[in-house]
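In: Fold the following and give me the result.
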Amino acid sequence: MFKQWVGPLRAVLLSGLLLAGQAMAGTTIKEGTPVELRFLQSISSATATTGEKIEFEVVSDVVENGNTLIPGGARAMGVVQSAKKKGFMGRSGELNINLSYVLVNGVRVPLRSSQGSEG
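Out: Now for the predicted structure:
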């Protein structure tokens, strides 16, 4: 069962995006840029339902060449793709979450997960 947080969930940007904003104008976020996220709610394979929205928070600033591309504390969203309750005789449950986007200056920057966590 996932509690408040089990370990760092790594995510990478799905594709580059030209951001509009004061200090961000003309800045491109490259695909593969790592973004560390933490759950903002408790979640469990026993109670999660397919399609349930999950909210995350960016752990620390994503910085490139001295520019903050994604500020720490930015909100990110994901969706439960599938949830399977634990089985008999110690068989573990399964919970698959699809990361959707992180909000940066009001712009949805697409995310995809690159590494999961078990707990």
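
In: in the protein, which spans are helices?
Out: Remark: helices of the chain are absent; assignment by DSSP state H.

In: quick one: low-confidence ranges for it?
Out: Scanning the chain for pLDDT under 70 picks out 1-27, 114-119.

In: Farthest from the middle of it: give me that residue.
Out: Centroid-distance maximum for the chain: residue 89 at 32.0 Å, with C-alpha atoms, centre = their mean.

In: For that residue, give its distance to residue 83.
Out: The gap separating residue 89 from residue 83 is 20 Å, by C-beta to C-beta, to the nearest Å. (Each C-beta comes from the backbone N, C-alpha and C, glycine too.)

In: repeat for residue 67
Out: Here the criterion is C-beta to C-beta. By it, residue 67 lies 38 Å from residue 83.

In: The two: which is more packed in?
Out: residue 83 (20 against 11; other C-beta atoms under 10 Å).

In: can I assume the more buried one is in contact with residue 54?
Out: No - with contact defined as C-beta atoms under 8 Å, residue 83 does not reach residue 54; the gap is 11.0 Å.

In: dump the residue contacts of residue 85.
Out: By C-beta atoms under 8 Å, 6 or more residues apart in numbering, residue 85 lies in contact with 45-46, 93.

In: filter those to the buried ones?
Out: Using 16 or more other C-beta atoms under 10 Å as the burial test, the contacts of residue 85 include residue 45 as buried.

In: can you pull out the strands in this protein?
Out: Ranges of strands in the chain, per DSSP state E, are 9-13, 17-18, 28-29, 34-39, 53-58, 62-64, 67-70, 75-84, 94-104, 107-113.

In: what distance separates the longest one from the middle of the whole chain?
Out: How far strand 94-104 lies from its chain's middle: 5 Å, per C-alpha atoms, centre = their mean, to the nearest Å.

In: What are the buried residues along that strand?
Out: By 16+ other C-beta under 10 Å, the buried positions in strand 94-104 come out as 95, 97, 99-102, 104.

In: Over to the fifth one?
Out: Buried residues in strand 53-58, counting neighbours by 16+ other C-beta under 10 Å, are found at 54, 56-58.
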